[in-house]
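Undergrad: Sequence below, structure please.
(2 chains)
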Amino acid sequence: MRRVSLYDSMTRATRGFAPISPPRVGLYVCGLTPYAPAHVGHGRTFVIFDMVARALRRWGYRVFYVQNVTNLDDKLIARAAEADDDPLALAERHFLDFRRSMERLGVRSVNYYPFATDYVPEILDQVRALVDRGFAYVASDGSVYFEVAKFPRYGALSGQKVTALQPGARVEVDPRKRSPEDFVIWKAATPGEPSWESPWGPGRPGWHVEDTVMTGKLLGARYDLHGAGLDLIFPHHEAEIALSEAATGLAPMVNYWMHTGLVSMTGEKMSKSIGNVSSLEQAIDDFGPAVLRFYYLNAHYRSAVDFVPGKSLEECREAYARLALPATRIAELLERDGPDRAGDPVPAELADAAGELVEQLDSTLAEDFNSREAIAALFGWTRRLTELVPQLEHLDGAGLAQLDAPYAWARETLGLFEREGSTRTGAWARVVPLLLDARARARSRGDFAEADRIREELRALGIVVEDSSGSTRWRFADPS
RNA sequence: GCCGAGGUGGCAGAAUGGUUAAUGCGACGGACUGCAGAUCCGUUUCCUGGGGGUUCGAUUCCCUCCCUCGGCUCCA
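TA: The predicted model follows:
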């Protein structure tokens, strides 16, 4: 296992990562409440933790990655009511869309997506335990609240002092609470909502308790790593700590907290409730998954990034295309001729440099997942290889694989450079070269009118033909 | 008001108690090309919010001020 250091939001320091029972790592990331389509900001958090899981696995850790789904809450109920729909069905639909986006983005590292409503019996057990132990109280309507005053460590993660909070700053104070900082863990049902029987009457789980029950059941009372966007630090993660540690008596609930920086748009946090969102699905459609991953990983995960429509992803498209060029050429050659293709061996110093770079990439990423530095190093490799692009044609399969090693590293950890299906299979792969041969003959006899006609005909079919000094290449036109 | 994270070139965005502050985008110039496109090469010397302090040396550490963003019981 490689030595990894990461910034822990609880201690506010970069620390060496030591799992409770190596090589196993329990990773929990707060997933989304699927009441609306996912936006570009959500994608950032999930791509980042996908990278974290991929990298840890590469380095020998056995990561069990859980990402929850809050499939029932006030917003879902409100949205469903507007559309005369069932909240659980609405959540299911949005979740499936979200999974499709994640699949397209190459986020495949999550082992399990638990749904909150599948854990109601366990949630009731935890609520009951908290009441029994005196940490929670039952209000007159049958709702159950956690009493923050009973848990002195409350506020350790966020640095907040309960006395300094401004109750009602953004959300109205619930009159059933003993104290404004208390939070609901079991909500008495209003007629028409999905509800479950409980000792306190029909109701449904509060948000915070869902997570502690699922992590407790799936990862244990104490586990290694908890991640999410930093907007969840207060109150959600503070509440998770209080609930779990109060209910189990075991602390700390989690050893390392990782929080990702937020994506803003027009200077404000991108947020469903503000409405300044840019659809994740649309961004993938327009730019492809690789450009989006590049966008996310091209900044340190903890820094805030501003999303500028019409600019941010366009810039990344240019940069990524340049970065990926040698990787694409190598992949094309290996795809065409197979891994055993004949040719010259690669010069030893170049092969060595590739190996050294891979080591450098690993150590860079192992220091608090600095994907930006890794990408900068990859640009260095691309610069070096682009000078050799005309010579790649003459190298043997093993040599190409050696030169590809840094890109293969990025495929594994960053999820970049993955070929989205071959563009060169099927009938096109046979027919287009025939047409290009005819065009080449036309060009060589000076019949440029015919050459241009063939190029235009192909263009109309969505195939772009590009000449370079020695050869002609073709590709499918960009989707937009 | 309180808590937290920040302020780096035209833009995005890293890093560091010490030679030219990474990388990319953009811009400009050139190469290649029948044309188009793509690609490549070069240039972009004057970039670390203001003021103090510590130090031989600060963009980095400390204090203070200003500004921005996030949170204050909806949120990735």
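
Undergrad: Any regions of the stretch 201-350 of chain A where pLDDT drops low?
TA: Counting by pLDDT under 70, not a single residue of the stretch 201-350 of chain A qualifies.

Undergrad: The same query, at a cut-off of 90, please.
TA: Applying pLDDT under 90 to the stretch 201-350 of chain A flags the ranges A:265-269, A:271-277, A:310, A:328-329, A:331-338, A:347, A:349.

Undergrad: Return the set of residues that bridge with A:Val69.
TA: Taking DSSP bridges as the rule, A:Val69 bridges to A:Phe115.

Undergrad: what about it, distance to RNA strand B?
TA: 10 Å (CB to the nearest atom of the strand, to the nearest Å). Backbone N, C-alpha and C define where each C-beta goes, glycine included.

Undergrad: who touches that residue in this structure?
TA: A:31-32, A:34, A:91, A:95, A:113-116 (CB atoms under 8 Å, 6 or more residues apart in numbering).

Undergrad: can you do 6 Å?
TA: Applying CB atoms under 6 Å, 6 or more residues apart in numbering to A:Val69 gives the contacts A:31, A:95, A:113, A:115.

Undergrad: Does the first one touch A:Gln67 like I think?
TA: Yes - in terms of CB atoms under 6 Å, A:Gly31 counts as a neighbour of A:Gln67; the distance is 4.3 Å.

Undergrad: Would you list the phi and psi of A:Arg2?
TA: Dihedral pair for A:Arg2: phi -70, psi 150, per degrees, to the nearest 10.

Undergrad: Within range of RNA strand B, give me the residues from the stretch 351-480 of chain A.
TA: Residues of the stretch 351-480 of chain A that fall close to RNA strand B, judged by CB under 7 Å from any atom of the strand: A:370, A:372-373, A:375-376, A:379-380, A:383, A:386-387, A:389, A:443, A:448, A:451-452, A:455, A:464-469, A:473.

Undergrad: Now, those residues that are in helices?
TA: Secondary structure defined by DSSP state H assigns A:372-373, A:375-376, A:379-380, A:383, A:386, A:389, A:443, A:448, A:451-452, A:455 of those to helices.

Undergrad: Just flag the most distant two among these.
TA: Greatest spacing in these, by CB to CB: A:Glu373 and A:Phe448 (47.8 Å).

Undergrad: Report how many residues lie close to the residue in the stretch 301-450 of chain A positioned nearest to RNA strand B.
TA: Taking CB to the nearest atom of the strand, RNA strand B has its nearest neighbour within the stretch 301-450 of chain A at A:Ala319, 2.9 Å off. For A:Ala319, the count of nearby residues is 16 (other CB atoms under 10 Å).

Undergrad: and if you look at A:Tyr61?
TA: 21.

Undergrad: who's in contact with it?
TA: Counted by CB under 6 Å, 6+ apart, A:Tyr61 has contacts A:1, A:23, A:25.

Undergrad: Now which of these would you call buried?
TA: Buried members of those, scored by 16 or more other CB atoms under 10 Å, are A:Val25.

Undergrad: export the contacts of A:Tyr61 to JSON lines and tack on distance to A:Val148?
TA: Converted to JSON lines, the contacts of A:Tyr61 look like this (distance: CB to CB, whole Å):
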{"residue": "A:Met1", "distance to A:Val148": "39"}
{"residue": "A:Pro23", "distance to A:Val148": "37"}
{"residue": "A:Val25", "distance to A:Val148": "31"}
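
Undergrad: Quick one: residues contacting the residue lying closest to A:Asp231 once chain neighbours are set aside.
TA: Leaving aside its sequence neighbours, A:Asp231 sits nearest to A:Leu262 (CB to CB, 6 or more residues apart in numbering; 6.1 Å). Contact analysis of A:Leu262 by CB under 6 Å, 6+ apart lists A:229, A:269, A:304.

Undergrad: And A:Thr212, how far from A:Glu356?
TA: Distance of A:Thr212 to A:Glu356, computed by CB to CB, to the nearest Å: 45 Å.

Undergrad: likewise A:Arg383?
TA: For A:Arg383, the distance to A:Glu356 - CB to CB - is 16 Å.

Undergrad: out of the contacts of A:Leu262, which touch RNA strand B?
TA: When CB under 7 Å from any atom of the strand is applied, the members of the contacts of A:Leu262 adjacent to RNA strand B are A:229, A:269, A:304.

Undergrad: contacting residues around the second one?
TA: Read that as A:Lys269. Applying CB under 6 Å, 6+ apart, the residues contacting A:Lys269 are A:Leu262.

Undergrad: Specify the beta-bridge partners of it.
TA: Under the criterion used here (DSSP bridges), A:Lys269 is bridged to A:Ser264.

Undergrad: how far away is it from A:Pro34?
TA: In terms of CB to CB, A:Lys269 sits 19 Å off from A:Pro34.

Undergrad: before we move on, what about the last one?
TA: A:Ala304 sits at a distance of 25 Å from A:Pro34 (criterion: CB to CB).

Undergrad: Mind splitting chain A into its structural domains?
TA: Here the domain parsing of chain A from automatic domain parsing is A:5-260, A:312-413, A:426-476.

Undergrad: Between the two ends of the longest one, what distance do you get?
TA: Spelled out, it's domain A:5-260. Start-to-end span of domain A:5-260 (CA to CA, to the nearest Å) is 16 Å.

Undergrad: Find the helix or strand that the nearest residue to A:Asp85 once chain neighbours are set aside is a member of.
TA: Leaving aside its sequence neighbours, A:Asp85 sits nearest to A:Arg79 (CB to CB, 6+ apart; 7.7 Å). If you go by DSSP states H and E, A:Arg79 is part of helix A:74-82.

Undergrad: do the same with A:Arg317
TA: For A:Arg317, the host element (DSSP H and E) is helix A:312-337.

Undergrad: So which elements touch the helix or strand that that helix is followed by?
TA: Moving toward the C-terminus from helix A:312-337, the next helix or strand (DSSP H and E) is helix A:348-365. Using 3 or more CB pairs under 6 Å, 6 or more residues apart in numbering; DSSP states H and E, the elements in contact with helix A:348-365 are helix A:371-386, helix A:397-413.

Undergrad: Report the buried residues of helix A:348-365.
TA: Result for helix A:348-365 [16+ other CB under 10 Å]: buried residues A:350-351, A:353-354, A:357-358, A:360-362, A:364-365.

Undergrad: State the distance from A:Ser279 to A:Val110.
TA: From A:Ser279 to A:Val110 the distance is 21 Å (CB to CB).

Undergrad: I misspoke; the intended subject was A:Ala353.
TA: Taking CB to CB, one finds A:Ala353 at 35 Å from A:Val110.

Undergrad: Next: A:Leu90.
TA: 22 Å.

Undergrad: same question, A:Gly288
TA: A:Gly288 is 21 Å from A:Val110, by CB to CB.

Undergrad: try A:Ala83
TA: A:Ala83 is 29 Å from A:Val110, by CB to CB.

Undergrad: Fine by me, thanks again.
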